[in-house]
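Chemist: Got a sequence here, can you build the structure:
(4 chains)
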Number of protein chains: 2
Amino acid sequence: MNDRLTTTSYAVLTQVAVRPWSSYELAQQRVRYFRYVWPRAESAIYREVKRLASMGLLDGRKEYTGRRSRTIYSITDDGNEALREWLGTPVAPFSMDFEAILRLFIAPLGTKDDITSTLKQVRADTQEMLRFAGEVKQEFIDGINPTQDQIYLRALPVDFFISLLNTVDAWVDRTLAEIETWDDLMASEEKNSRALEKIRHMPVDTPDEPLKDISKPPESQTLRRS
Amino acid sequence: MNDRLTTTSYAVLTQVAVRPWSSYELAQQRVRYFRYVWPRAESAIYREVKRLASMGLLDGRKEYTGRRSRTIYSITDDGNEALREWLGTPVAPFSMDFEAILRLFIAPLGTKDDITSTLKQVRADTQEMLRFAGEVKQEFIDGINPTQDQIYLRALPVDFFISLLNTVDAWVDRTLAEIETWDDLMASEEKNSRALEKIRHMPVDTPDEPLKDISKPPESQTLRRS
DNA sequence: GGACACATGTAACGGGTTACATGATTTC
DNA sequence: GAAATCATGTAACCCGTTACATGTGTCC
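Modeler: Below you'll find the model as predicted:
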């Protein structure tokens, strides 16, 4: 049997480290809390807890409601040790899947309505996530979040999440506004020169200019292009 | 044989729509251009082009260099039609994998050095991506980007990408600064009340307050929590 | 007491990754 | 002419998803 631990393994361990849960609760609450930074299907959680239990990192105890059983998992010492070791290993880089961006590249194959609908859907998604973030914020303010005593840690991801969503939201808004000014989706001199002017002002250093952040060690400037 | 099209299929089709490529070039250039919005392993591309060719959406032509062959793919009319139809379907929601955030939750299991190293690694990653974005910006300014004539479209993802990276970068900086002020990683009254004060000022509406954006249709406010 | 939603999972398939393989080209 | 690197893929494993299944409370 395979006993390599993936980030999903550690994500599950992380949650069980808080307190014991049944598989079902775990799957539900993972969706609530980690959905946005490590989204996985519920069934992946069911398989993962069994694997972790068979490796001795979780301890599974059966309970019964009538004829039907459920399993409550708690973390073992080995499980905690595995988490501790994980913290010292290199972290997986941030990555994302953003289909709407792909569609932009070939937007002229479809209609203007296609692409604006796509972008509005993205906005609806981010605003739903922002609504959720607002709920969590309110829970902490009201002092009723289950992890209230860890608010000094939890505030960090919440901060990240809100910043990110506002960034995406603002981008969608100005992108929709730009596209609304277009008569069609075809290339034109005017569109292209407007875009060039915008690109000039985008907040990133170009290779010919001095770099903004000089607090970093210099070898990071010599990384080869992949 | 299975002929369901995934977003990865469309990502490949999108790229081949620009011009013909060999599988190898495709895999390389995908890494360059789509790495950040739809990252996939190169071998996935090799399998995908064969699948798309067998479905008639790509046309594969063999070339030889000595005894060794390679295949050049170009898009067919059916391939273009598939792309066009795709643009009218619901888009997959934005999602991300961000392991560093998971580690924050259990940071006290490790050392302060563990967590700051993790965050510095994230910063190094985002700054490498920003460096790449700066190169692309410069290419457009110099008028030498291969998609220069489509700059009115390409500027939109570039804008997104730069905004996102700057947001992540700024978050990492203030998070590192916060953690630097800590003596240890344990919970404390002081850390928690500071965090609460920060949360109060985070830029997101809470459920008890009037909503910022009233330009949206009202039913989006009534979405059920999942 | 039937319908329906919630609770608690399992099975099977396929997309994604890691590892490997081999021919051509360049370097020194 | 040996070694290293680039070009061009293939094989196999396994993580993740979709679909399904069955038991239990609850509503009316």
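
Chemist: Wondering if the lowest-mean-pLDDT helix or strand in chain A reaches DNA strand D at all.
Modeler: The weakest-scoring helix or strand in chain A, judged by mean pLDDT, DSSP states H and E, is helix A:23-34 (a mean of 86). No. Using CB under 7 Å from any atom of the strand, helix A:23-34 stays clear of DNA strand D, coming no nearer than 10.0 Å. (Each C-beta comes from the backbone N, C-alpha and C, glycine too.)

Chemist: Quick check: can you list the domain ranges of chain A?
Modeler: Using automatic domain parsing, the domain parsing of chain A gives A:7-86, A:99-202.

Chemist: Now do the first one: distance from first to last residue.
Modeler: The reference is to domain A:7-86. 9 Å (CA to CA, to the nearest Å).

Chemist: for the longest one, same thing?
Modeler: With CA to CA applied, domain A:99-202 spans 23 Å between its terminal residues.

Chemist: Now it: average pLDDT?
Modeler: Domain A:99-202 shows a mean pLDDT of 96.

Chemist: Could I get the domains of chain A in TSV, plus columns for distance to B:G88?
Modeler: Shown next, in TSV, are those (distance: least, CB to CB, whole Å):
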stretch	distance to B:G88
domain A:7-86	25
domain A:99-202	5
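
Chemist: possible to save those domains as CSV with distance to DNA strand C?
Modeler: Below are those laid out as CSV (distance: least, CB to the nearest atom of the strand, whole Å):
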stretch, distance to DNA strand C
domain A:7-86, 3
domain A:99-202, 11
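
Chemist: Relative to chain B, which of these is closest?
Modeler: For the domains of chain A, distance to chain B was read as CB to the nearest CB. The smallest value, 3.3 Å, belongs to domain A:99-202.

Chemist: In chain A, mark out all the strands, start to finish.
Modeler: For chain A, the strands defined by DSSP state E occupy A:21-22, A:58-65, A:68-75, A:95-97.

Chemist: Would the first one count as contacting DNA strand D?
Modeler: By that I understand strand A:21-22. No. Against DNA strand D, strand A:21-22 shows no contacts by CB under 7 Å from any atom of the strand, the least distance being 13.0 Å.

Chemist: List the contacts of that strand.
Modeler: A:Q15, A:Q29, A:E63, A:R70, A:T71, A:I72, A:Y73 (CB atoms under 8 Å, 6 or more residues apart in numbering or on different chains).

Chemist: swap in the second one?
Modeler: Contacting residues not belonging to strand A:58-65 are listed as A:13, A:16, A:22, A:49-50, A:52-53, A:69-76, A:79 [CB under 8 Å, 6+ apart].

Chemist: try 10 Å
Modeler: Strand A:58-65 has contacts (CB atoms under 10 Å, 6 or more residues apart in numbering or on different chains) with A:9, A:12-13, A:16, A:20, A:22-23, A:48-54, A:69-79.

Chemist: Check these for burial and list the buried ones.
Modeler: A:9, A:12-13, A:16, A:22-23, A:48-49, A:51-53, A:71, A:73, A:75-76, A:79 (16 or more other CB atoms under 10 Å in any protein chain shown).

Chemist: what's the closest non-adjacent residue to A:T206?
Modeler: Of all residues not flanking A:T206 in the chain, B:Q138 sits nearest, at 4.1 Å (CB to CB, 6 or more residues apart in numbering or on different chains).

Chemist: Go ahead and confirm that neighbour touches A:P207.
Modeler: Yes. Counting by CB atoms under 10 Å, B:Q138 touches A:P207, with 5.5 Å between them.
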